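K.L.:
model this:
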Amino acid sequence: MESSTALRRRLPIEMAALGFLMRGPFHGYDLHRQIEQELGPVWRIGLSYLYNALKQLEKDGLVTSTTVPQENLPPRKIYAITSAGQRVLQAWLEQPVPAVRDIRVEFLAKLYFCTLGMADPQALIAAQTAFLQERLAQIERAWAQAESDFYRLVLDLRRRQTQAALDWLQATAKILRKEDQP
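P.N.:
Numbers count the residues shown, from 1 in each chain. Below is the predicted model:
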């Protein structure tokens, strides 16, 4: 099941759930609380959205659940990451995001887990930088061949957004290197 599910591009919330489950099993509400507490500045996640993500992850064999009875309360599902889930998470942490707009949520989530020691943050930054440098070169080639002023304006915006992201990545790499020093 892992091979077909690994091909689908996963939602950032699915990957964040896997990242938090690397710490150990959680029930959905506690997992939601951890995500809100630690990734709240990145984005807000509705509890039902998280439960849908967990349901999909379980269907795909990336997490398992155990139902635990509670006195005077409904049973509680406890979720744990599988070895397939660990492999999918690791691969995700090592790949750059495919668009500048994905840096705001998905890349920051990846970077968060990398800074916890799940992957090398500098390697992620280097991969993202290389990806964006290639994207910037594509934009500049398209701009040189653009036949309308409007298309040039669109490409100019994309060029400036990409350059700003590259500048931020460079500054972030420096900040993280400074934290790594004794």
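
K.L.:
for this protein, where's the lowest mean pLDDT among helices and strands?
P.N.:
None of the helices or strands of the chain scores lower by mean pLDDT, DSSP states H and E than helix 2-7, at a mean of 48.

K.L.:
which other residues reach the following helix or strand past it?
P.N.:
Per DSSP states H and E, the first helix or strand lying C-terminal to helix 2-7 is helix 12-21. Outside helix 12-21, the residues within contact range by CB atoms under 8 Å, 6 or more residues apart in numbering are 26, 31, 34-35, 39, 43, 45, 49-50, 53-54, 56-57, 62-63, 79-81, 85-86, 88-89, 92, 105-106, 109-110, 112-113, 116, 118. For the C-beta atoms, the positions are set from N, CA and C on the backbone; glycine is no exception.

K.L.:
quick one, the strand or helix carrying Ala84 and helix 12-21 angle?
P.N.:
Element membership of Ala84, judged by DSSP H and E, is helix 83-94. Taking axes from the mean of the first three to the mean of the last three CA atoms, to 10 degrees, helix 83-94 and helix 12-21 form an angle of 110 degrees between their directions.

K.L.:
Just the strands from this structure, written as ranges.
P.N.:
In the chain, the strands defined using DSSP state E lie at 26-27, 63-70, 73-81.

K.L.:
Output these in TSV, with distance to Phe150 appended to each entry.
P.N.:
Output for those, formatted as TSV (distance: least, CB to CB, whole Å):
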stretch	distance to Phe150
strand 26-27	49
strand 63-70	47
strand 73-81	48
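
K.L.:
from these, which stretch is densest packed?
P.N.:
strand 26-27 (a mean of 19; mean count of other CB atoms under 10 Å).

K.L.:
Understood, closing this out.
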